[in-house]
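Participant: below is the sequence, then the predicted model.
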Amino acid sequence: MKKFVFSFVLVVFTAFLVKAQDATPPKPVNPNAPEILFDKTVHDYGTIVQGADGTCEFKFTNTGKEPLILSRPQSSCGCTVPTWPQEPVLPGKSDVIKVTYNTNNVGGINKTVTVTSNAKTDKIVLQIKGTVTPKPATTAPEKPTEPGAAPITK
């Protein structure tokens, strides 16, 4: 019984020590830090046809007091490719993040792009959604007849 009590006390003591080491002080907030404000964070393609242009834009403004620097946005899959401004966005200025979705696959669209920056809110998730439908079947063009040929009659 003494071993059990000793073991229990040792486990509880170790747990408190580990928890105490996890406590990290909050990072100081820069009152002049950039702030990123998007016009929209969700783009709905609705229903689009297979092979259609899958590009959309997410416009944003730096509403902070320092230049905004975007890190490489991460898409949730390889079928979604973001393009972002490489240069810092100055306070009060706007720019866009373009997102291109590969519309060759038929079905539902529900993808995300995570934007990381030096803004007060350092991560923002953008979403694209919609449905890709198959291309309509095309009819074969009629064979042109040779000029001057007589129609065949029976």
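Facilitator: All right, it came through fine.
Participant: show me the shaky parts of this protein.
Facilitator: Scanning the chain for pLDDT under 70 picks out 2, 4-27, 139-154.
Participant: quick one, helices of it?
Facilitator: 2-22 (DSSP state H).
Participant: in it, which residue is closest to the centre?
Facilitator: Centroid check for the chain by CA atoms, centre = their mean gives residue 113 as the closest residue, at 1.2 Å.
Participant: tell me who's in contact with that residue.
Facilitator: Contact analysis of residue 113 by CB atoms under 8 Å, 6 or more residues apart in numbering lists 73, 74, 75, 76, 80, 82, 97, 99, 125, 126, 127, 128. (Each C-beta comes from the backbone N, C-alpha and C, glycine too.)
Participant: just the buried residues of those.
Facilitator: Buried members of these, counted by 16 or more other CB atoms under 10 Å: 73, 75, 80, 82, 97, 99, 126, 127, 128.
Participant: among these, which ones are in strands?
Facilitator: Among the buried ones among the contacts of residue 113, the ones falling in strands (DSSP state E) are 75, 80, 82, 97, 99, 126, 127, 128.
Participant: and which of the residues you listed is nearest residue 65?
Facilitator: Residue 65 has its nearest neighbour among these in residue 97, at 21.6 Å by CB to CB.
Participant: if the closest one is in a bridge, with which residues?
Facilitator: Under DSSP bridges, the beta-bridge partners of residue 97 are residue 58.
Participant: ok, it to residue 43 distance?
Facilitator: Using CB to CB, to the nearest Å, residue 97 is found at 11 Å from residue 43.
Participant: on that earlier part again, and the buried ones among the contacts of residue 113, which is closest to residue 30?
Facilitator: Among the buried ones among the contacts of residue 113, and counting by CB to CB, the member closest to residue 30 is residue 73, at 22.2 Å.
Participant: how about the contacts made by that closest one?
Facilitator: Contacts for residue 73 were tallied using CB under 8 Å, 6+ apart; they are 82, 84, 97, 113, 114, 115, 116, 126.
Participant: redo those as TSV? Include distance to residue 68.
Facilitator: Output for the contacts of residue 73, formatted as TSV (distance: CB to CB, whole Å):
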residue	distance to residue 68
82	16
84	11
97	12
113	17
114	16
115	11
116	12
126	15
